[in-house]
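Engineer: no FASTA, just this:
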């Protein structure tokens with residue numbers, strides 16, 4: 001089944017289309033969720049929530065506003081960020097086990113893995129280092145613009161402007 005037809009079937013409430021969408025996108029969506037949350041069990045829960053949202057919000061998807069996969073990733077990213085900002089998640093993280101610290105230290109190299117998981121590595125590699133850092137913090141680590149500003153010791157206005165410029169450059173490369 002062609003992707004446009006599959007999406008249309010999903011929007012019409014076809015459960016088989018939903019199963020196919022899950023099969024096609026769940027692995028890469030989980031990769032994005034896990035790169036933000038860094039906890040397998042919670043990432044699996046968020047993945048299930050994301051696909052419930054996809055099912056519920058499928059009629060609102062509009063191909064004129066972007067690609068279907070991008071729409072899914074935005075839902076996943078937002079759900080992940082909501083989860084890590086939740087009170088329950090923060091309380092659970094106060095008592096981290098020592099093996100989590102190893103994961104956190106190893107996460108420094110996770111940017112390229114996350115980018116590879118969704119097929120953006122070749123485009124990201126073409127960007128300037130400042131763009132790579134901004135995209136890493138804002139989209140893969142789930143930082144807010146204010147947190148990114150503090151982390152990179154850069155004025156908030158500069159973060160916002162550079163982020164917009166970097167995303168525009170990335171968009172231009174992907175659309176070509």
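Structural biologist: Everything's here; your move. Bear in mind the structure is a predicted one, so any value in this text is a computation, not a measurement. Numbers count the residues shown, from 1 in each chain.
Engineer: CA atoms for contacts and neighbours, from now on please.
Structural biologist: Fine.
Engineer: From the centroid of this protein, which residue is nearest?
Structural biologist: residue 77 (3.7 Å; CA atoms, centre = their mean).
Engineer: Name the SS class of that one, please.
Structural biologist: Secondary structure state of residue 77, per DSSP: H, G, I helix; E, B strand; the rest coil, is helix.
Engineer: tell me, how many neighbours does the closest residue to it other than its chain neighbours end up with?
Structural biologist: Leaving aside its chain neighbours, residue 77 sits nearest to residue 33 (6.5 Å; criterion: CA to CA, 6 or more residues apart in numbering). Neighbours of residue 33 under the rule other CA atoms under 10 Å: 31.
Engineer: quick one: residue 33 from residue 82, how far?
Structural biologist: 11 Å (CA to CA, to the nearest Å).
Engineer: So which elements touch the strand or helix carrying residue 82?
Structural biologist: Using DSSP states H and E, residue 82 sits within helix 68-85. The helices and strands touching helix 68-85, judged by 3 or more CA pairs under 8 Å, 6 or more residues apart in numbering; DSSP states H and E, are helix 15-37, helix 40-57.
Engineer: Now do it, average pLDDT.
Structural biologist: Here helix 68-85 scores 91 as its mean pLDDT.
Engineer: again with stretch 144-158
Structural biologist: Stretch 144-158 comes out at a mean pLDDT of 90.
Engineer: how about the residue nearest to the centre of the chain, what does it touch?
Structural biologist: Residues near residue 77 by CA atoms under 8 Å, 6 or more residues apart in numbering: 32, 33, 36, 139, 142.
Engineer: Adding distance to residue 47, write those out as JSON lines.
Structural biologist: Shown next, in JSON lines, are those (distance: CA to CA, whole Å):
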{"residue": "32", "distance to residue 47": "10"}
{"residue": "33", "distance to residue 47": "7"}
{"residue": "36", "distance to residue 47": "12"}
{"residue": "139", "distance to residue 47": "17"}
{"residue": "142", "distance to residue 47": "16"}
